[in-house]
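> I would like the atomic coordinates for the input below:
(one chain, ligands or ions: 1)
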Amino acid sequence: MAGLRSAPPPGWLRDGFVLPRAPDGGDAVYLAGNSLGAQPRAARRALLAAVDEQWAAVGVAGWEECGWWGAPQRLGDRVGALVGAAAGQVVVGDSTSVQLFGALIAAARLRPGRTVLLSDAGHFPTDRYLAASVARLTGLELAATVPDAMAPDERTAVVAVPAVDFRTGERWDLAGIVARAHAAGAVVVADLSHAVGVLPVELDALGVDLAVGCTYKYLNGGPGAPAFAYVAQRHQDVLDPPLTGWTGHADPFAMTEAWSPAPGVGRLRVGTPPMLAMLALDGALDVFDGVDLAGVHAASLTLSDAFLDALPEVVEVVTPREHARRGGHVAVRVGDAEGLCAALARRGVVVDARPPDLLRFGFAAPYVTLADARTAARELAALLRTGAA
Ligand SMILES: *Cc1c(COP(=O)(O)O)cnc(C)c1O
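Model prediction:
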């Protein structure tokens, strides 16, 4: 059993999920896990228990008795185990955007005197918008290139990169980027939103400085599930975060005049954690207990290979074929992405469209089966053949 779980076959936990309904009343072929993961039954159970047995029954004492106060770090350690982070380096709470804003400024403050914030030109919109604002706030100059072309130098304070491109599904060479950044003396802020839960990330081993990521994609934490932030141990005691909320205070209940940082990663806490969402995530994470992320990625690649192999040659695939450069989703370039996305949904295949012309197919291995991958390719091919979109 343990051996089976460490190298799981695609769809190994299908029964552990509730899948959205297709128009015919059956389960949808759900390939939108790169946007919002399907619902783990364990998340539903945890959420109902939080509502009935904790909030209703215990009330305010739950902050102590139910361990709510410690949840950001406790869940942080659970997520940390999935991204190669030893305990005590990850907190959960707030949104990815909020965590990213804090991480970028804190990173810039680690390199006073340097002048450039280097970011991925094709980064997810919130990452680009926030980098621009952080540049204005800190006085850094914003420079943007594709991750592979990044050439940090002695002026570079911060390098901000995703692990996987949100549009194309390309997996970037995080190890190489970190090595080049460190050789230039810069710090790296990695966004793991499209990587966590679908492939192995080794934050400690790679020497990544700070990282953020969301938990509602491949971690299936539910809509608006709280994000996580990682700070390498070596930076924690000097880290100067901009969002000095009271829960990141060394002694929050002393309610002192001035802010003083909690020791360690706790200083990245901002406000009161969204406990219902946190506890739903706690349940959702059970999916990955004892599961090796390299095995999950192998299963996801088996699915995306089956999808690609079943597509007609004429379809333009923008995701790399090489396994080492592919994350968890595949994107194809089509004429009318929105129209095809809607037409696929009417046929019970849930995917998403990204402007101007990409359709994305997410291969979340816990609940997507080989039959699903082939059905999606067949339905797309049929729509393209008949122009039925
Ligand atoms: C999904 C995603 C986000 C989402 O940010 P939110 O604050 O949760 O809306 C941010 N960055 C990347 C790279 C993403 O893929």
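> and Val208, what does it touch?
Applying CB atoms under 8 Å, 6 or more residues apart in numbering, we find Val208 in contact with 174, 178, 188, 190, 230, 232. For the C-beta atoms, the positions are set from N, CA and C on the backbone; glycine is no exception.
> My error: substitute Glu379 in the last question.
Taking CB under 8 Å, 6+ apart as the test, what Glu379 contacts is 344, 347, 349.
> Contacts only, for the closest residue to the last one other than its chain neighbours.
Using CB to CB, 6 or more residues apart in numbering and skipping residues adjacent in sequence, the residue nearest Val349 is Val29, 4.6 Å away. For Val29, the set of contacting residues under the criterion of CB under 8 Å, 6+ apart consists of 22, 348-350, 368, 372, 375-376.
> Reformat the contacts of Val208 as JSON lines; add distance to Leu110, neighbour count and secondary structure.
Converted to JSON lines, those look like this (distance: CB to CB, whole Å; neighbours: other CB atoms under 10 Å; DSSP: H, G, I helix; E, B strand; the rest coil):
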{"residue": "Leu174", "distance to Leu110": "19", "neighbour count": "23", "secondary structure": "helix"}
{"residue": "Val178", "distance to Leu110": "15", "neighbour count": "21", "secondary structure": "helix"}
{"residue": "Val188", "distance to Leu110": "11", "neighbour count": "26", "secondary structure": "strand"}
{"residue": "Ala190", "distance to Leu110": "15", "neighbour count": "27", "secondary structure": "strand"}
{"residue": "Tyr230", "distance to Leu110": "14", "neighbour count": "29", "secondary structure": "strand"}
{"residue": "Ala232", "distance to Leu110": "11", "neighbour count": "21", "secondary structure": "coil"}
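> Would you mind naming what in the protein lies close to the ligand?
95-97, 124, 126-127, 162, 166, 191, 193-194, 214, 227 (CB under 6 Å from any ligand atom).
> Now go through those residues and say which are in helices.
Secondary structure assignment by DSSP state H places 96-97, 126-127 of the residues of the chain next to the ligand in helices.
> so where is the protein shaky, pLDDT-wise?
1-6, 388-389 (pLDDT under 70).
> What ranges does it have for its helices?
2-6, 41-49, 56-58, 62-65, 71-80, 96-109, 125-138, 174-183, 203-206, 233-236, 275-284, 293-310, 337-346, 370-386.
> from the middle of its chain, how far away would the third one be?
If I follow you right, that is helix 56-58. 32 Å (CA atoms, centre = their mean, to the nearest Å).
> which residues are contacting that helix?
The set of residues external to helix 56-58 that reach it, using CB under 8 Å, 6+ apart, is 65-66.
> ok so, going back, can you tell me which of the contacts of Val208 is closest to the ligand?
Distance to the ligand across those (CB to the nearest ligand atom) is lowest for Ala190, with 9.8 Å.
> I'd assumed Val164 was in contact with that closest one.
No - assessed by CB atoms under 8 Å, Ala190 is found out of contact with Val164, at 10.5 Å.
> do you know which of the helices of the chain lies nearest Pro223?
Evaluated with CB to CB, the helices of the chain place helix 275-284 nearest to Pro223, the distance being 8.9 Å.
> From the chain's centroid, how far away is the closest one?
Remark: helix 275-284 is offset 16 Å from the chain centroid, using CA atoms, centre = their mean.
> how close does Leu203 get to Ala229?
In this view, Leu203 and Ala229 are 11 Å apart by CB to CB, to the nearest Å.
> and the residue of the stretch 201-350 of the chain found nearest the ligand, how many neighbours?
The nearest approach of the stretch 201-350 of the chain to the ligand comes at Cys214, 4.5 Å away (CB to the nearest ligand atom). Using other CB atoms under 10 Å, Cys214 has 25 neighbouring residues.
> can you tell me how far it sits from His235?
Here Cys214 is placed at a distance of 22 Å from His235 (CB to CB).
> There's contact between Arg346 and Ala22 in this structure, I believe.
No - Arg346 is beyond contact range of Ala22, at 9.2 Å (criterion: CB under 8 Å).
> if you count what's nearby, which of those two comes out ahead?
Taking other CB under 10 Å, Arg346 and Ala22 do not tie; Ala22 has more neighbours (17 against 12).
> quick revisit: does the residue of the stretch 201-350 of the chain closest to the ligand touch Ala229 like I think?
No - using CB under 8 Å, Cys214 makes no contact with Ala229, being 11.0 Å away.
> Now Ala184. Nearest residue, chain neighbours left out?
Distances taken as CB to CB, 6+ apart put Pro152 closest to Ala184, at 4.0 Å, once the chain neighbours are dropped.
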